[in-house]
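[1] structure of the sequence below:
(one chain, ligands or ions: 1)
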Amino acid sequence: MTEIRGFRGQYAFLSNFEPAVIRVRGVRYPTVEHAFQACKTENLAERAVIAGLPTPAEARQAGQQVTLRPGWDDMKEEVMLAMLRVKFRQPDLRERLLATGDAALVEDNAWRDRYWGVYRGQGLNRLGVLLMQVREEILAVQLQAA
Ligand SMILES: Nc1c(N[C@@H]2O[C@H](COP(=O)(O)O)[C@@H](O)[C@H]2O)[nH]c(=O)[nH]c1=O
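    Next up is the predicted model:
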């Protein structure tokens, strides 16, 4: 089976740091990263600040300082999945995701994240797994409509 390892170059669009407008409760976020980090808090003022940050790296940093909502750890995968579903509703991104076929998607990273990705050959690759789930869902809908 082919594998896409590392979301760089032509596969950078799979990264949460890539531009993709996500709307959550009327607020517009420029990347999944912004939206995901904002969802860590229920404080709308904190969300608004994150939405306005110029880069996803700054959004990620800000997400480490917000008032964490109760139970965040148990809901973070559902939230990530929801954000990814919104991202890949956009036709161009949806087509590019589908074009990865049945390749394994592995968020191989250099920033030592072994939860969402894989670092030095080890990690849960939860981002990759959720991306593959979204790809499956899109494919299932297309097959139903065919
Ligand atoms: N740190 C990083 C990425 N990692 C992203 O950061 C998020 C993890 O957030 P947290 O759960 O708050 O640690 C998650 O969306 C993961 O995909 N991605 C990138 O392209 N470049 C980076 O430098």
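[2] and R114, how close does it get to Q122?
    6 Å (CB to CB, to the nearest Å). C-betas here are computed from N, CA, C, even on glycine.
[3] and those two? Which one has more around it.
    In terms of neighbours (other CB atoms under 10 Å), R114 is the more surrounded of R114 and Q122; the figures are 15 against 8.
[4] secondary structure element holding that one?
    R114 belongs to no helix or strand when assigned by DSSP states H and E.
[5] let me see the confidence value for the residue nearest in space to the middle of the chain.
    In the chain, the centroid-proximal residue (CA atoms, centre = their mean) is N16; its distance is 4.4 Å. At N16, the pLDDT value in this model is 98.
[6] roughly how far does it sit from the ligand?
    N16 is 4 Å from the ligand, where distance means CB to the nearest ligand atom, to the nearest Å.
[7] close to the ligand: what parts of the protein are there?
    15-17, 33, 36, 60, 63, 111, 113, 116, 127 (CB under 6 Å from any ligand atom).
[8] buried subset of those residues?
    15-17, 33, 36, 60, 63, 113, 116, 127 (16 or more other CB atoms under 10 Å).
[9] from the residues you listed, which two are the most distant?
    Greatest spatial distance in these: S15 and G63, 16.1 Å, computed using CB to CB.
[10] how about the strands in the chain?
    For the chain, the strands defined by DSSP state E cover 3-5, 19-24, 27-31, 104-106.
[11] can you list the strands that the last one pairs with?
    The partner list of strand 104-106 in its sheet, established with DSSP bridges, is strand 3-5 (parallel).
[12] tell me which residues of the partner strand come out buried.
    So, applying 16+ other CB under 10 Å, buried residues of strand 3-5: I4.
[13] let me see the mean pLDDT of that strand.
    For strand 3-5, mean pLDDT rounds to 98.
[14] need the contact partners of it.
    Applying CB atoms under 8 Å, 6 or more residues apart in numbering, the contact partners of strand 3-5 are 11, 14, 100, 103-106, 108.
[15] with stretch 17-31 instead?
    12-13, 16, 32-35, 38-39, 47-48, 50-51, 56-57, 59, 83, 86-87, 90, 93.
[16] hmm, try it at 7 Å
    For stretch 17-31, the surrounding residues in contact (CB atoms under 7 Å, 6 or more residues apart in numbering) are 12, 16, 32-33, 35, 38-39, 47-48, 51, 56, 83, 86-87, 90, 93.
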